[in-house]
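1. Pasted the sequence and its predicted model underneath.
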Amino acid sequence: MKRLIALSLLLAFSVDAAPLPNTVKQELEKAHIPVESVGIEVREAGKSIPLISHRAKQGMNPASTMKLLTTYAGLEILKPAYRWKTEVYLDGKLDKGVLHGNLVFKGYGDPKLTIEEFWLWLRELRQRGLREITGDIVLDRRFFAVDNQGTAAFDNKPARAYNVEADALLLNFNALHLRLIPDGAQAIALLEPELAGFQVINRVTTSTALPCKGEDAYQTRIEGRNIVIEGSIPFGCGEAQDYSSPLTPDSYFYAVFGALWREVGGQLQGRVRTGSVPNAANVFSTHFSPPLSEVIRDINKFSNNVMARQLFLTIGAADLATTAQSTVAIRQWLAAAQMNFPELVLENGAGLSRTERISAQHLADILQRAANSPFAAELEASLPI
């Protein structure tokens, strides 16, 4: 009987989660993060009882861990082989390589239409017989019916690449890649991609007063048709690099298209404008993205916010894609899986939000379900560890 009682007591204690270790508390204190401001749940895969639980039922801002919910919901709802499409239409007659009219691009939210993919697609358009465009480049991005409040609303840094907003016709993350190479008292600036119609003005110097791992002391801004790079980088610390998004989506698309179209031997006479596909226009070519199973690797491994936003809107898309539809689609999926998350608040699915909420316990439930899912391998391969 004594052995039975001892065994019962042991089992009773074993089902209780351990408190937060002192080492973790000490690290939080060093980072000036109050213990009551974090939620933590540590759980062994396949087990329902947590090993460590601290304020795990409290809904909290998950930051980028919200991408785990978005990417797993995407796998379950859209399936791993899902691909986004982008279409190009001829609004006019194509005669002997000359389009007498407009070239219309219609987007459906491809998160990974990179420079490399776009260049190959434009080469295909040339091979299909298109050489000269007498009309305009028309951009139809109506598929995403979202009310973008402006990236400055998050941290007042609208030109930062992590703040790029969702766009049905997103090209190369709307981003510029800057490399700064020390060269004595000055710095050489390399900017990609090439932008037709813009000139780079480099005013970056080197400074011995700046620490090697300090905050950036340079910025990129638009001044008319000039891309001005100014400030300083540390002397003797090697190259510096950064991504930024100072151009509007229309300006960026047109400048990139213009440079690449010229590179592949094409000619363009018109301008860029936002519009829609005319009823009489014919599909000239369709580009397909990599499969979702590949896209989520970039989302999770690199914590790519705009790609997560693109996926989030796609999850609930019908004739159009809206935040409300995607929120409903994810809640319905959770309900069908008998997962009730009353504290859940969704805004963009990326975690770059002041309002999104989920509890550590329910995030652990998501991972637990994913571990037993037919898509476990795809999600696990996307994780950054």
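-> Alright, I've got the coordinates.

2. which residues in the stretch 251-385 of the chain form strands?
-> For the stretch 251-385 of the chain, the strands defined by DSSP state E, counting those that start in this stretch cover 267-268, 272-274, 282-288.

3. Kindly report the same for the stretch 101-250 of the chain.
-> Under DSSP E, counting those that start in this stretch, the stretch 101-250 of the chain gives strands at 132-133, 137-140, 176-183, 186-192, 199-207, 217-223, 226-234, 240-244.

4. And the second one, what does it pack against?
-> Where contact means 3 or more C-beta pairs under 8 Å, 6 or more residues apart in numbering; DSSP states H and E, strand 137-140 is packed against strand 98-107, helix 249-263, strand 272-274. (Each C-beta comes from the backbone N, C-alpha and C, glycine too.)

5. just the angle between the second one and strand 217-223, please?
-> Direction vectors for helix 249-263 and strand 217-223, defined by axes from the mean of the first three to the mean of the last three C-alpha atoms, to 10 degrees, enclose an angle of 80 degrees.

6. So residue 36 sits against residue 28, correct?
-> No - at 10.1 Å, residue 36 does not count as touching residue 28 under the criterion of C-beta atoms under 8 Å.

7. So between these two, which is more surrounded?
-> residue 28 (16 against 9; other C-beta atoms under 10 Å).

8. what about that one, which SS state?
-> helix (DSSP: H, G, I helix; E, B strand; the rest coil).

9. separation between it and residue 80?
-> 37 Å (C-beta to C-beta, to the nearest Å).

10. give the contact list for residue 283.
-> 87-89 (C-beta atoms under 8 Å, 6 or more residues apart in numbering).

11. From the residues you listed, list the buried ones, please.
-> With burial judged by 16 or more other C-beta atoms under 10 Å, the buried subset of those is 87-89.

12. Tell me which entries of those lie within helices.
-> The members of the buried ones among the contacts of residue 283 all map outside helices under DSSP state H.

13. just the strands of the stretch 101-250 of the chain: most buried one?
-> The highest mean neighbour count among these, using mean count of other C-beta atoms under 10 Å, belongs to strand 137-140: a mean of 22.

14. Low-confidence ranges, the chain, go.
-> Within the chain, the segments meeting pLDDT under 70 span 1-15, 148-153.

15. how's it carved up into domains?
-> Following the assignment in automatic domain parsing, the chain carries domains at 17-81+292-382, 85-137+252-288, 176-244.

16. Export these as a markdown table, with columns for distance to residue 155.
-> Below are those laid out as a markdown table (distance: least, C-beta to C-beta, whole Å):
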| stretch | distance to residue 155 |
| --- | --- |
| domain 17-81+292-382 | 9 |
| domain 85-137+252-288 | 21 |
| domain 176-244 | 14 |
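
17. Out of the ones you listed, which gets nearest to residue 154?
-> Of all those, it is domain 17-81+292-382 that lies closest to residue 154, at 6.3 Å by C-beta to C-beta.

18. what's the burial count for residue 352?
-> 22.

19. all helices for this protein, in order.
-> Under DSSP H, the chain gives helices at 2-14, 22-30, 66-78, 115-127, 152-155, 249-263, 292-301, 305-315, 323-336, 360-371, 376-382.

20. what's the spacing between residue 285 and residue 123?
-> Distance, residue 285 to residue 123, using C-beta to C-beta: 11 Å.

21. meant to ask about residue 182
-> On the measure of C-beta to C-beta, residue 182 and residue 123 end up 36 Å apart.

22. cool, and residue 376?
-> Taking C-beta to C-beta as the measure, residue 376 falls 38 Å from residue 123.
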